[in-house]
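Colleague: take this sequence and fold it.
(chains A and B)
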Amino acid sequence: SQKIEQNSEALNIQEGKTATLTCNYTNYSPAYLQWYRQDPGRGPVFLLLIRENEKEKRKERLKVTFDTTLKQSLFHITASQPADSATYLCALQRAGNMLTFGGGTRLMVKP
Amino acid sequence: GAGVSQSPSNKVTEKGKDVELRCDPISGHTALYWYRQRLGQGLEFLIYFQGNSAPDKSGLPSDRFSAERTGESVSTLTIQRTQQEDSAVYLCASSPYRLDEQFFGPGTRLTVL
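Modeller: Prediction:
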């Protein structure tokens, strides 16, 4: 069956370091992959979309990679700040189909 | 401009009662989605509306769940004969088109006693 895995354990890092979050998937051939941020008590907020033919995409301090051979996406936040603390969700989509979300990884950036 | 709004923000009900949850999408967005998020879990797709096409109901967990959408505006999610396992946050999202980023509302927290 299709599976999207994100590390369920919280990631704790020091302010200023680079945070790297992982999204692995099996039995899936996504055309698009999206990353969202979710703060407690709020709906997710879109961050980045990367297509299957793109290896990397950047936006300010954010970088996403997409390796369709490894079936993995990495989400990086450089120069992390306490305000980056949140849960980050990856979501996969085949062309024409719905988004399927992973369980999310909670990031804690300590000052 | 105004984002996606949902009401009520919180709903407490007794087991066996029916509930209606409302979603107002961003004006002009043709696609509308409903998700369920249990505590500490990811988002579980429920139903999807795209313009005037028949909705994709493939994620609805049982026939107690139904949803309607009026044109390209308001949507209501109805849960009949609520059960304790229905307790969750119900999130609505809209997008200009099916493959675009989704804009989420704040969610409705449903508690079934």
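
Colleague: roughly how far does whichever residue of chain A sits closest to chain B sit from A:Thr18?
Modeller: Sorted by distance to chain B under Cβ to the nearest Cβ, the residues of chain A start with A:Gly43, at 3.0 Å. C-betas here are computed from N, CA, C, even on glycine. The gap separating A:Gly43 from A:Thr18 is 27 Å, by Cβ to Cβ, to the nearest Å.

Colleague: okay, the two: which has more neighbours?
Modeller: Taking A:Gly43 and A:Thr18 together and counting by other Cβ atoms under 10 Å in any protein chain shown, A:Gly43 has the greater number of neighbours (23 against 12).

Colleague: so where's the chain shaky on pLDDT?
Modeller: Because you didn't say which chain, this covers chain A. Judged against pLDDT under 70, the low-scoring parts of chain A cover residues A:95-97.

Colleague: meant chain B actually
Modeller: Checking chain B against pLDDT under 70 turns up B:1, B:98-99.

Colleague: residue contacts, the nearest residue to the residue of chain A closest to chain B once chain neighbours are set aside?
Modeller: With Cβ to Cβ, 6 or more residues apart in numbering or on different chains as the measure, B:Phe104 is the residue that lies nearest to A:Gly43, at 3.0 Å, once sequence neighbours are left out. Listed by Cβ atoms under 8 Å, 6 or more residues apart in numbering or on different chains, the contact set of B:Phe104 reads A:43-45, B:4, B:91-93.

Colleague: any of those residues buried? List them.
Modeller: If you count burial by 16 or more other Cβ atoms under 10 Å in any protein chain shown, the buried members of the contacts of B:Phe104 come out as A:43-44, B:4, B:91-93.

Colleague: so the residue nearest to A:Gly43 bridges to which residues?
Modeller: When bridges are called by DSSP bridges, B:Phe104 pairs up with B:Ala93.

Colleague: ok, it to B:Ser5 distance?
Modeller: As it turns out, when the distance is counted by Cβ to Cβ, B:Phe104 lies 11 Å from B:Ser5.

Colleague: could you list the buried residues of the helix or strand harbouring B:Tyr33?
Modeller: When secondary structure is defined by DSSP states H and E, B:Tyr33 falls within strand B:31-37. Using 16+ other Cβ under 10 Å as the burial criterion, the residues of strand B:31-37 that qualify are B:31-37.

Colleague: and stretch A:59-72, by the same measure?
Modeller: Of all the residues in stretch A:59-72, those buried under the rule 16+ other Cβ under 10 Å are A:62-66, A:71.

Colleague: what does chain A put close to chain B?
Modeller: A:4, A:6, A:32, A:34, A:41-46, A:49, A:89, A:91, A:93, A:95-96, A:98-104 (Cβ under 8 Å from any Cβ of the partner chain).

Colleague: among these, name the ones in helices.
Modeller: Using DSSP state H, no member of the residues of chain A next to chain B falls in helices.

Colleague: and the spatially closest residue to A:Cys90 that is not a sequence neighbour, how far from B:Gln80?
Modeller: Closest residue to A:Cys90 apart from its sequence neighbours, by Cβ to Cβ, 6+ apart: A:Cys23 at 3.5 Å. Spatial separation of A:Cys23 from B:Gln80 under the definition Cβ to Cβ is 36 Å.
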